[in-house]
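A.B. asks: Coordinates for the following, if possible.
(2 chains)
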Amino acid sequence: MNLWNSFVEALVSLSANKLRSALTILGIVIGVAAVIAMVSVGRGAQGTITDSIQGIGTNLLFVFSGGLNEEVRNPKPLTLSDARAIADPLSAPSVEAVAPMLQGNGEVSYGGESAVTSINGVTPEYAQVRNMAVAEGEFISEAHILGRASVAVIGVDTADKLFGRKEGLVGETIRIEGQPFRIIGVLASKGGSAFGSQDDVVLTPLSTAQVRLIRRNNRERVDVIFVQAVSPEAVPSATEEIAQILRTRHRTKIGEDDFTVFSQQDFLDTASVITNVLTIFLGGIAAISLLVGGIGIMNIMLVSVTERTREIGLRKALGAHKVDILVQFLTESSVLSLIGGLIGIALGWLIAFIVGRVAAANDAAINPRIGLDVILLATLFSTAVGLFFGLYPANRAASLQPVEALRYE
Amino acid sequence: MEDWVIIANNLTKVYKMGDVEVHALRGLSMKVARGEVVAIMGPSGSGKSTLMNVIGCLDRPTSGEYILDGEPVASLKDDQLATIRNRKVGFIFQSFNLLPRATALANVELPLHYAGGNGKRRERVKAALEAVGLGDRLYHRPNELSGGQQQRVAIARALINEPAIVLADEPTGNLDTKSGKEIMELLLRLNRERGTTLIIVTHAPDIAEQTQRIIRIRDGVVEEAG
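C.D. replies: From the prediction side, this is the model:
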C-alpha cells in the first residue's frame, strides 16, 4: 500500500469521528502554538536587548576605575591624562576614538519646571563613540571645551519635561544647578536601553562640568572613559592596549589592576546568556503542553484500536501483514499531529504577532522573531510526538491475533 | 491420483483457558479435492470453528500436518500466514464484515492492496462486482446496500485474488430466506463456472444438502466424511 493511499485512508477514518479528532488535534495545536509563540517572543526580547546594547555605541569599550568583581584597595582615579594616553595612536593603534566623561546628577530647571536628571560632562568625541546625533542644533565642539562655555545639549525626554515640546529649543536658556546654560542642540531620540533612558540627559562640555557642576577633589579626574575600537575584531587588542597603558601609568602590580576594561561584547554575552535561558525556559514550559497533547493522541488511538478490533481482524484475514496495520495506525496518529502542527504554527504566529503588538503599545518594543528553524522544529517535533505516542497503540493493533480480533464484539 | 487442495493430517489444537486445557481438535484428518463443494457441519463445541480457523490459516494447529494448495502451512509465521491467506483463501463471513466507510469498490479492492503490486486493479474489481451482479452499485457504501447485496460484495472480495479455497462461515445466517437462496445459487454458480473450491461451514441442513459432500465433526474429530 503506498503512502498516499494510507494518508487518504487515515483522513477518511479520522473524519468518521470528527469531534474526537478535532479535540485531539486541539491538544497538539495548543502545544505547537505555545512553543512557537514562546520561543518567538523570547527571541524577540533577546533581539530588543541586543539592539539596545548595540545602540549605545559601536565597538565600544568602557574603562572604569576600580575592580568589577573584587574590591581593589585605593584605586587611582582615571584622569584626563589617562584618556589622552589611550588616544595616542602609537601606543594604542587599535583605538579609534576616546571620550572621557564626568557623570553626575543635578537639578535642571526652566521657568517653573524643574527636573532631576543625569548631567554628563563630555568631549566632542562622545557623539561619535556613543552613536549620538543631534536632532537640531549642534553638538559640543572643541571650542566649547576650550572656552568652558556654558552650553548644553539636552535629550528629548528632558526637553519634554522642561518645555513640554521636543523641538525649537536651540537658544533657550536653562538653569543647571542654578547656573544658566544656553541650549545649543537636542539629541536625536535613542529610546530606552539596558541602562535606562538615554533620552533623559543633559550634556555639557567636560571642562565646564569640571569647574562648575561636578566638583571632584582631583581636577583631572574623570568617571568613565569610553573607547571606540577601530573594528569589531580590534576590540580584544584594544582592551589589551588600554590595560597596558593604564598599568604603566598607575604603576600597578601584575594581576592587581585598579581599573576595569569592559567591552560591549561582554554586555552582549551576559545578556544573551540570560535571554537564552529565558527562551529555553519558556520553550520548555510550552513543550510540556505539546507532551500533554501527545498523550491525548495516544489515548484516542488506544480507544480507536479497541473500537476497530474487528476491522483489524478482518484486514488481517484478508492478508494484511503486521507492518500494514502498524503503518495504518501510525499514519492516523501522524496525520492528527501534523494537522495539529500546521494549525499550531499559524496560531503561534498569530499569538506572537499579537504579543508584539501589545508590547509595542506598552512602549516595550518586543519584535517576535519567528524563525524558519522554530517552525521546522515544531513541525518535526509534533510529528515525532504523533509517531511516538501512536507507536504503542499501533503496535497493539498490529499484534492482535486475527481469530480473536474477528470474534471481538 | 486426485488433486487435493486441502490435506489435513492428525490436527490437534489445545487452548489453555486459565488452568484448564481445552482440546478443540483431537487428531482430525480430512481432505478436500480441487473444485469440490463441501459442507462442514457439527454441533457447537465440536471444534468446527477451530477447524475453520486452521483451514483458513487464521490460526495454527498445535500439532499435525496441514497442506494447503501444495504448501505446508502448519508452522508458518504470522506474516507468512497473512500472505497465504491473501493469496489462497477467500473468506465469507456470516456478518459480511465489510468496512462500513468504504465503497463496494474499495471493499473488494482491499485484498489487492495487501497483495501488493499494481496493474489494472480497478478493472478487476469492477469485473468481480459485475460477476456477482452488482455492476450498478460500485460506489455504494455497505449501509446503502441490502444484506444480500452486502454478502455479494463480500463474495466478490473473497474471489478477487482467485484463491485456492473459499471459506464461507454460515454465509446465509444473517439473511432472509430469499436472499439466502440467491447467495447459495451465486456461490454454486461461481463454483460451476470457475471451479472454485468451496467450503461452507453451516448449521442448516438445507444449505448442507446443496453441497456435494458433508463432513460432520464431533468432539474434535471427523465423524463422517461423506
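
A.B. asks: show me where chain A has strands.
C.D. replies: A:60-65, A:78-79, A:95-110, A:113-122, A:134-137, A:151-154, A:173-176, A:179-187, A:201-205, A:221-222, A:224-229, A:259-263 (DSSP state E).

A.B. asks: of those, which approaches chain B most closely?
C.D. replies: Smallest distance to chain B across the strands of chain A (C-beta to the nearest C-beta): 66.3 Å, for strand A:259-263. Where you see a C-beta, it was placed from the backbone N, CA and C, and this is true even at glycine.

A.B. asks: how far is the closest one from where the chain is centred?
C.D. replies: Here strand A:259-263 shows a centroid-to-chain-centroid distance of 23 Å under the convention C-alpha atoms, centre = their mean, to the nearest Å.

A.B. asks: Pull the residues that contact stretch A:127-135.
C.D. replies: Applying C-beta atoms under 8 Å, 6 or more residues apart in numbering or on different chains, the contact partners of stretch A:127-135 are A:55-58, A:60, A:97-99, A:126, A:139-140, A:153, A:156, A:166-167, A:185-190, A:226-228.

A.B. asks: Now the terminal residues of it, how far apart.
C.D. replies: Chord length of stretch A:127-135, first to last residue, is 12 Å (C-alpha to C-alpha, to the nearest Å).

A.B. asks: May I have the distance across stretch B:135-153, first residue to last?
C.D. replies: Terminal-residue distance, stretch B:135-153 (C-alpha to C-alpha): 11 Å.

A.B. asks: Closest residue of chain B to chain A?
C.D. replies: Closest point on chain B to chain A, by C-beta to the nearest C-beta, is B:Asn86, at 2.3 Å.

A.B. asks: Now that residue: closest residue in space that isn't a chain neighbour?
C.D. replies: Of all residues not flanking B:Asn86 in the chain, A:Gly319 sits nearest, at 2.3 Å (C-beta to C-beta, 6 or more residues apart in numbering or on different chains).

A.B. asks: ok, now which ones touch the residue in the stretch 151-300 of chain A that chain B sits nearest to?
C.D. replies: Of all residues in the stretch 151-300 of chain A, the one sitting closest to chain B is A:Ile300 (17.4 Å; C-beta to the nearest C-beta). Residues near A:Ile300 by C-beta under 8 Å, 6+ apart: A:20-21, A:24, A:336.

A.B. asks: repeat for A:Gly47
C.D. replies: Counting by C-beta under 8 Å, 6+ apart, A:Gly47 touches A:367, A:369.

A.B. asks: can the strands of chain A go into JSON lines with extra columns for mean neighbour count and mean pLDDT?
C.D. replies: Output for these, formatted as JSON lines (neighbours: other C-beta atoms under 10 Å in any protein chain shown; pLDDT from 0 to 100):
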{"stretch": "strand A:60-65", "mean neighbour count": "21", "mean pLDDT": "87"}
{"stretch": "strand A:78-79", "mean neighbour count": "22", "mean pLDDT": "88"}
{"stretch": "strand A:95-110", "mean neighbour count": "20", "mean pLDDT": "89"}
{"stretch": "strand A:113-122", "mean neighbour count": "19", "mean pLDDT": "89"}
{"stretch": "strand A:134-137", "mean neighbour count": "16", "mean pLDDT": "88"}
{"stretch": "strand A:151-154", "mean neighbour count": "27", "mean pLDDT": "92"}
{"stretch": "strand A:173-176", "mean neighbour count": "18", "mean pLDDT": "91"}
{"stretch": "strand A:179-187", "mean neighbour count": "19", "mean pLDDT": "91"}
{"stretch": "strand A:201-205", "mean neighbour count": "26", "mean pLDDT": "91"}
{"stretch": "strand A:221-222", "mean neighbour count": "23", "mean pLDDT": "88"}
{"stretch": "strand A:224-229", "mean neighbour count": "24", "mean pLDDT": "91"}
{"stretch": "strand A:259-263", "mean neighbour count": "19", "mean pLDDT": "86"}
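
A.B. asks: Close to chain A: what parts of chain B are there?
C.D. replies: B:53, B:56, B:58-59, B:78-79, B:82-83, B:85-87, B:91, B:93, B:97, B:99, B:101-102, B:110-111, B:113-115, B:157, B:161 (C-beta under 8 Å from any C-beta of the partner chain).

A.B. asks: Pull out the buried members of these.
C.D. replies: Using 16 or more other C-beta atoms under 10 Å in any protein chain shown as the burial test, the residues of chain B next to chain A include B:53, B:56, B:58-59, B:82-83, B:85-87, B:91, B:93, B:97, B:99, B:101-102, B:110-111, B:113-114, B:157, B:161 as buried.

A.B. asks: So which of those residues are in strands?
C.D. replies: In strands, defined here by DSSP E, the members of these are B:Phe91.

A.B. asks: Of the buried ones among the residues of chain B next to chain A, which belong to helices?
C.D. replies: Among those, the members found in helices (DSSP state H) are B:53, B:82-83, B:85-87, B:110-111, B:113-114, B:157.

A.B. asks: biggest separation within these, which pair?
C.D. replies: Using C-beta to C-beta, the two most remote members of those are B:Asn53 and B:His113, lying 23.0 Å apart.

A.B. asks: which residues touch the spatially most central residue of chain A?
C.D. replies: Nearest to the mean C-alpha position of chain A, by C-alpha atoms, centre = their mean, lies A:Gln46 at 1.3 Å. The contact partners of A:Gln46, by C-beta under 8 Å, 6+ apart, come to A:271-272, A:275-276, A:278-279.

A.B. asks: mind checking pLDDT for it?
C.D. replies: The predicted local distance difference test score for A:Gln46 is 84.

A.B. asks: And it, how far from A:Phe381?
C.D. replies: 21 Å (C-beta to C-beta, to the nearest Å).

A.B. asks: how deep is the closest residue to chain B within the stretch 201-350 of chain A tucked in, by neighbour count?
C.D. replies: Using C-beta to the nearest C-beta, the closest approach of the stretch 201-350 of chain A to chain B is made by A:Gly319 at 2.3 Å. Close neighbours of A:Gly319, defined as other C-beta atoms under 10 Å in any protein chain shown, add up to 27.
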